[in-house]
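# no sequence on this one, just coordinates:
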DNA sequence: CAATCGCTTGGTAGCGCTGTCAATATCAGT
DNA sequence: ACTGATATTGACAGCGCTACCAAGCGATTG
């Protein structure tokens, strides 16, 4: 004989319904769609729930309704402060809503991403936020067949799986180089780390700008697969100087590298921007307060995360955004480190 | 009449059991405690599960077993890169395990923390990781009655709720000041932002060290409730100089402030460390590669997160750590910015 | 050889909630 | 007053899994 597992003190929906004098199903509706109840019952259920301190059992709800209120988030790194800004936006947008976040780290591997994707989707998430536009063919196929809102973040490109929010890394890098060119710099080096797809597109933007003006020279490019750091910025800058001692500017694919390059300049007593101009990417907070202040390409990371989450929620609530692809743009913050040479 | 909701194609535990030629309950046991099965059945269930691509339904499992495999994590900030290191440690430790993370941001409010705590505990988490040792009395009471492993992280102190891992912020700050004193600095300023409980304890450590040597002077202390930033470091340092122009060193409660102070020194053409020594706190990556390199107090944030998660898992699996309170210590990284004056 | 023991396996029921549909109450229109 | 339409409410069963208990079975023991 199987046991009776009844937990005596626990407050279930049935208890709330009983106190409110309605059927359990009506009480259930109160929590999911209050408008469907008459004002009287609505008030009764509400006060009964409050009186008993009722908290719905999410597992039971998920099992019965065959869906969850969890939004899966796949990002490539927890270290990179770019993603912590995005995450903050996502968490802020979901704060106070019924939805929660399940986060996973792909470690910049699209195979790992595919594995995590399968894991997530098996639990029927309410929505999905995924980084970038470079997924495996299988990942794409899986996501296209699944029935939940999906937002690709960090960049925009052709053929979104569902929705998309970001900016063009190619254009952003190109604009940074255009700024340096406009300031009169000609031998502009490129420093890149990690070289994930978005960094690659920044390199493409750099190459395009340099080629357009006939200034392209492969000697000006230094890249590595190593993850970024300030220290690495100094090292790469030193490498660049060794390869191309005549550079007059350097574009760094992120601000950590730019800061590292700045420190390396100081160590070598090279004047910034007189001898070397420096431009970074992302416009982290410290760029505006360094000495000299560092130019950078501002990207709207917090807004990106926030809007991505909002897009998912709106879709879930039947108010799908009119425009599935949102380009948040960027702006080149021109500061002392790349000021016009005299 | 109610409907039959049977989903035809779906692979449930029953299908796996059927293919393996065992009862559903035996298949269930395979996933929870493989050792309980005979080798033959174990192999049969395993291959059946793989063949069908079975993925357990976590909601059903949670409902039936009355517990989840979710570890709740309460941290005060998503912006602060100190916490991103801790989080990375937690995620790494849980990677590949059956447990997942539910993260929430208390925004440095213990009332918010209490609210989130109630929310979490209502879902019966497998474990809990919570920041700091300053919880509301109600929070403490709730946590003491709940039956799951709890780890308080970031600092150590008396009367842990359950387990604890961190270090003494008081001792760490005191050691930093001791280092400056040993180097011959006497008028040592203090820069503090946010002033959460841990920062307060660093201030206490500073005060203690200064008082011990008869050098304490309230004019040397500049604090603010504003969240930290590099820019703020510059501003606070300027404030400090206005209050106490004769300072010869400054201890900053974190590295962002230290970097801001360094830039402010450069702007004012004050030589570091000749005129002003600078010591930060946390030893973020950039401290070792700035120019001059910046002294700091190294804290083991990644290890803290990792070990906290491991402590939770070990407890869940019946191997409770012998020592419930772990002091991870710290080390003063003595670099150029606080080198002995000539 | 019966009694006992430990290991493995299975049957039954139920975890707490919601989807489906039917039933009832309410209301406007003729 | 009656019909049909609409707004509310309720009954039922079942979502997929596991807790509990019992039974089967070979090995051990006196």
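Done, it's in. Small disclaimer: the values here were computed from a predicted structure and weren't measured.

# quick check: closest non-adjacent residue to whichever residue of the stretch 151-300 of chain A sits closest to DNA strand C.
Per C-beta to the nearest atom of the strand, residue A:162 is where the stretch 151-300 of chain A lies closest to DNA strand C, at 22.1 Å. For glycine as for every other residue, the C-beta is placed from the backbone atoms N, C-alpha and C. In this structure, residue A:162 finds its nearest non-sequential neighbour in residue A:150, 4.0 Å apart by C-beta to C-beta, 6 or more residues apart in numbering or on different chains.

# quick one: contacts for the residue positioned nearest the centre of chain A?
Centrality entry for chain A: nearest residue to the mean C-alpha point is residue A:86, 4.1 Å, by C-alpha atoms, centre = their mean. Residues near residue A:86 by C-beta atoms under 8 Å, 6 or more residues apart in numbering or on different chains: A:75, A:153, A:154, A:301, A:302, A:304, A:305, A:308.

# go on, residue A:183?
Counted by C-beta under 8 Å, 6+ apart, residue A:183 has contacts A:277, A:338, A:339, A:340, A:341.

# and what of residue A:210?
A:177, A:188, A:216, A:217, A:220.

# go again using 10 Å as the cut-off
With contacts defined as C-beta atoms under 10 Å, 6 or more residues apart in numbering or on different chains, the neighbours of residue A:210 are A:174, A:177, A:181, A:186, A:188, A:190, A:216, A:217, A:220, A:221, A:251.

# with residue A:56 instead?
Residue A:56 makes contact with A:12, A:13, A:16, A:28, A:31, A:32, A:49, A:98, B:122, B:123 under the criterion C-beta under 10 Å, 6+ apart.

# buried ones among those residues?
The neighbour-count test (16 or more other C-beta atoms under 10 Å in any protein chain shown) marks A:12, A:13, A:16, A:28, A:31, A:49, B:123 as buried among those.

# state the distance from the residue of the stretch 151-300 of chain A closest to DNA strand C to residue B:178.
Separation of residue A:162 from residue B:178 (C-beta to C-beta, to the nearest Å): 58 Å.

# over to residue A:297?
Distance from residue A:297 to residue B:178, by C-beta to C-beta: 43 Å.

# and residue A:79, how many residues sit next to it?
Per other C-beta atoms under 10 Å in any protein chain shown, the neighbour tally for residue A:79 reads 19.

# OK, contacts around the nearest residue to it once chain neighbours are set aside?
The shortest distance from residue A:79 to any non-neighbouring residue, by C-beta to C-beta, 6+ apart, is to residue B:88 (6.0 Å). Residue B:88 makes contacts with A:77, A:78, A:79, A:105, B:301, B:302, B:305, B:306, as judged by C-beta under 10 Å, 6+ apart.

# now, these that are in helices?
B:301, B:302, B:305, B:306 (DSSP state H).

# tell me the helix or strand right after the strand or helix carrying residue A:15.
For residue A:15, the host element (DSSP states H and E) is helix A:13-20. Sequence order places helix A:24-32 as the next helix or strand after helix A:13-20, per DSSP H and E.

# and that following helix, what does it pack against?
Applying 3 or more C-beta pairs under 10 Å, 6 or more residues apart in numbering or on different chains; DSSP states H and E, one finds that helix A:24-32 makes contact with helix A:13-20, helix A:39-52, helix A:58-65.

# quick one: which of the ones in helices among the contacts of residue B:88 has the most company?
The most neighbours, when the ones in helices among the contacts of residue B:88 are compared by other C-beta under 10 Å, belong to residue B:305, which has 29 neighbours.

# ok, it touching residue B:153?
Yes: the pair residue B:305 / residue B:153 is scored as a contact, 7.1 Å apart, by C-beta atoms under 10 Å.

# need the residues touching each of these two.
B:73, B:75, B:83, B:86, B:89, B:90, B:129, B:165.

# I'd assumed the first one was in a strand, is it?
Yes: using DSSP: H, G, I helix; E, B strand; the rest coil, the secondary structure at residue B:73 is a strand.

# these two touch, right, it and residue B:126?
No: using C-beta under 10 Å, residue B:73 is not in contact with residue B:126; the gap is 11.9 Å.

# between those two, who's got more neighbours?
Taking neighbours as other C-beta under 10 Å, residue B:73 and residue B:126 compare with residue B:73 leading, 29 against 19.

# list the contacts for that one?
Applying C-beta under 10 Å, 6+ apart, the residues contacting residue B:73 are B:83, B:86-87, B:90-91, B:94, B:101-105, B:120, B:125, B:127-131, B:151, B:153, B:305, B:308-309, B:312.

# please repeat the previous calculation with a cut-off of 8 Å.
Residue B:73 is in contact with B:87, B:90, B:101, B:102, B:103, B:104, B:128, B:129, B:130, counting by C-beta under 8 Å, 6+ apart.

# what pairs with the fifth one across the strands?
With beta bridges defined as DSSP bridges, residue B:103 has these partners: residue B:73.

# out of the contacts of residue B:88, who's nearest residue B:238?
Of all the contacts of residue B:88, residue B:238 sits closest to residue B:301, with 29.2 Å by C-beta to C-beta.

# leaving out sequence neighbours, find the closest residue to that closest one.
residue B:85 (3.8 Å).

# repeat for residue A:106
residue A:113 (4.1 Å).

# what does stretch A:311-326 contact?
Contacts of stretch A:311-326 with the rest of the structure, by C-beta under 8 Å, 6+ apart, involve A:71, A:93-94, A:97, A:99, A:126-129, A:149, A:151, A:156, A:160, A:162-166, A:307.

# which of these fall within strands?
A:71, A:127, A:128, A:129, A:151, A:163, A:164, A:165, A:166 (DSSP state E).

# quick one: residue A:81 from residue B:127, how far?
From residue A:81 to residue B:127 the distance is 27 Å (C-beta to C-beta).

# of these two, give the one with the bigger neighbour count.
Neighbours were counted for residue A:81 and for residue B:127 using other C-beta under 10 Å; residue B:127 has more, 24 against 19.

# what's the local residue count around the nearest residue to residue A:19 once chain neighbours are set aside?
In space, and not counting its chain neighbours, residue A:19 is closest to residue A:48: 4.0 Å by C-beta to C-beta, 6+ apart. The local packing of residue A:48 (other C-beta under 10 Å) involves 21 other residues.

# residue contacts, residue A:48?
Contacts of residue A:48 by C-beta under 8 Å, 6+ apart are A:16, A:17, A:19, A:20, A:27, A:54.

# skip the chain neighbours and tell me the closest residue to the fourth one.
Closest residue to residue A:20 apart from its sequence neighbours, by C-beta to C-beta, 6+ apart: residue A:48 at 3.8 Å.

# tell me the spacing between the one residue in the stretch 201-342 of chain A that gets nearest to DNA strand C and DNA strand D.
Closest contact between the stretch 201-342 of chain A and DNA strand C, by C-beta to the nearest atom of the strand, is at residue A:316 (12.9 Å). According to C-beta to the nearest atom of the strand, to the nearest Å, residue A:316 and DNA strand D sit 21 Å apart.

# tell me the phi and psi of that residue?
phi -60, psi -30 (degrees, to the nearest 10).

# can you give me the neighbour number for it?
With other C-beta under 10 Å as criterion, residue A:316 counts 19.
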